[in-house]
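# Just to be clear, the model below is a prediction. Sequence and coordinates:
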Amino acid sequence: MKQKGLWLTFWLILGWPSVLKAEPAGWRVQPSICVVEQIGDACELQLNIRLWGDIPQHSCLFLKDTMLECWSVPSTHLRVNLEFREASVISMRDSDDRTLLEETLEIKSLSRIRQRVRTPWSVF
């Protein structure tokens, strides 16, 4: 019985840190596609960002190379309002300006979406 307790103590001391390894940083950015009337029109989006894993303190959110917001401790759920005219990259960077996470935001126009699926009827 003492041996089992000894092995359990030994495992807890040496094995426990491996169980507590930090999960890699990750995020989900929604929506990642904006639909506009014509290419070149401004796209206005409210992004919902869900963060998980090991996000360092003092992280900042960037659109291309423009800083949007910074946090001393980022929340796990963020809402950000954006306006852009062309496909852009949104990224989260740490205080050393290293990119931690990034996502491409696409723009689609209605003129490309509304394409005829089949040709009209023809008698000849």
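Structure's in. What do you need?
# which residues of the chain fall in helices?
Applying DSSP state H to the chain gives helices spanning 2-19, 110-113.
# Show me where the protein has its strands.
Along the chain, the segments classed as strands by DSSP state E run 26-30, 33-36, 43-52, 59-63, 66-71, 77-84, 88-93, 99-109.
# which intervals of the protein have sub-threshold pLDDT?
1-22, 112-119, 124 (pLDDT under 70).
# Now with 90, please.
1-25, 38-40, 54-58, 71-76, 109-124 (pLDDT under 90).
# For residue 62, name its beta-bridge partners.
residue 67, residue 91 (DSSP bridges).
# can I get the CA coordinates of stretch 87-102 in CSV?
The C-alpha atoms that make up stretch 87-102 are tabulated as CSV, following Å, rounded to 0.1, in the frame of the first residue of the first chain:
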residue,chain,number,x,y,z
ALA,A,87,-9.0,42.0,-49.1
SER,A,88,-7.1,42.6,-45.8
VAL,A,89,-5.2,40.6,-43.2
ILE,A,90,-6.3,40.9,-39.6
SER,A,91,-3.6,39.8,-37.1
MET,A,92,-2.9,39.6,-33.4
ARG,A,93,0.7,40.6,-32.4
ASP,A,94,2.5,40.5,-29.1
SER,A,95,4.5,43.4,-27.5
ASP,A,96,7.6,42.4,-29.6
ASP,A,97,5.5,42.8,-32.8
ARG,A,98,5.6,39.1,-33.5
THR,A,99,2.5,37.8,-35.4
LEU,A,100,0.7,35.3,-33.2
LEU,A,101,-2.5,34.8,-35.3
GLU,A,102,-3.7,36.0,-38.6
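# hmm, who's touching that stretch?
25-27, 29, 47, 51, 55-56, 58-64, 74, 82, 103-107 (C-beta atoms under 8 Å, 6 or more residues apart in numbering). Yep, even glycine has a C-beta here, placed from its N, CA and C like the rest.
# how about 6 Å then?
25, 27, 56, 58-64, 103-107 (C-beta atoms under 6 Å, 6 or more residues apart in numbering).
# Many thanks, we can stop here.
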